[in-house]
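Student: My questions are about this predicted structure, shown below with the sequence.
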Amino acid sequence: MALIVTDLAFAHPGAEPLYRAANLHVEAGTVVGLTGASGTGKSTLGALVAGDLRPRSGKITIDGRPLPRRGFRPVQLIHQHPEHAVNPRSRMRSVLNESHRPSPETLERVGIRREWLDRFPEELSGGELQRFCIARALRPDTRYLVADEMTTMFDAITQAQIWHTLLGIVRDRGLGLLVISHEQALLDRICDEQLPIDRLRNPHPAT
Ligand SMILES: Nc1ncnc2c1ncn2[C@@H]1O[C@H](COP(=O)(O)OP(=O)(O)OP(=O)(O)O)[C@@H](O)[C@H]1O
């Protein structure tokens with residue numbers, strides 16, 4: 001069981017290809033860190049494996065099946081800026097229930113307080129809002145998560161709480177987790193494996 005990217009090619013409109021033949025393997029139940037300098041395509045790769053962007057060519061398979069083009073989303077993306085990932089005009093109860101209804105146990109485990117459900121996004125802190133994005137991503141059919149600079153904006157205590165919670169759930173559900181981060185100490189602590197994106201990009205550059 002794995003998320004497997006094979007010979008992926010992608011370019012943003014009007015730009016040079018970011019990857020010509022990228023390969024990535026995230027085994028279910030493992031935590032893989034994706035590292036690399038700014039602008040080298042880590043977030044873009046996260047968006048591709050989550051199905052938010054479509055590759056030019058190549059293959060993405062999830063537990064042996066092609067990544068679905070619509071509907072069922074087995075790979076869920078958690079962004080750096082939760083405030084950009086939610087509708088500012090929706091109360092948190094609606095935000096949460098957009099994709100599924102998380103169980104009360106999930107809400108409690110993720111650390112969402114009941115009284116937050118009636119608030120609007122701007123009435124929550126970034127860390128509180130990120131907990132909603134995590135709960136929303138934890139659909140019953142989610143198999144893999146991409147955490148793209150998920151806690152970069154938060155203080156050390158909030159970061160530690162969110163990672164502790166998420167890693168516990170990932171372990172219990174046997175999910176695969178791709179972590180995109182510039183924080184080397186975090187990656188060293190939580191990852192089973194780390195991949196520099198340069199190793200995935202352009203493995204056969206034109207000479
Ligand atoms: N929607 C877009 N349209 C055009 N170019 C884009 C778009 N999104 C990103 N890019 C470009 O693609 C390249 C890779 O961006 P990406 O965000 O994937 O890098 P990154 O490695 O995640 O960077 P960072 O570590 O700074 O977050 C950058 O040069 C960026 O300017």
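Tutor: Now that the structure is in, tell me what you want to look at. Numbering: from 1, shown residues only.
Student: can you count the residues close to residue 66?
Tutor: Using other Cβ atoms under 10 Å, residue 66 has 9 other residues around it. For the C-beta atoms, the positions are set from N, CA and C on the backbone; glycine is no exception.
Student: Please state the backbone phi and psi of it?
Tutor: phi -60, psi 140 (degrees, to the nearest 10).
Student: Does at least one residue of stretch 137-153 sit close to the ligand?
Tutor: No: under the criterion of Cβ under 6 Å from any ligand atom, the ligand is not reached by stretch 137-153; the shortest gap measures 6.6 Å.
Student: Would you mind measuring the gap between the ends of that stretch?
Tutor: 19 Å (Cα to Cα, to the nearest Å).
Student: again with stretch 27-35
Tutor: Stretch 27-35: ends 17 Å apart by Cα to Cα.
Student: Ok, stretch 62-71 next?
Tutor: End to end - Cα to Cα - stretch 62-71 spans 14 Å.
Student: Likewise for stretch 188-201?
Tutor: 22 Å.
Student: buried stuff in that stretch?
Tutor: Residues of stretch 188-201 classed as buried: 190-191, 195, 197, 200-201 (neighbour count, 16 or more other Cβ atoms under 10 Å).
Student: Can you add distance to the ligand and give the residues you listed back as a markdown table?
Tutor: Shown next, in a markdown table, are the buried residues of stretch 188-201 (distance: Cβ to the nearest ligand atom, whole Å):
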| residue | distance to the ligand |
| --- | --- |
| 190 | 18 |
| 191 | 17 |
| 195 | 13 |
| 197 | 7 |
| 200 | 11 |
| 201 | 10 |
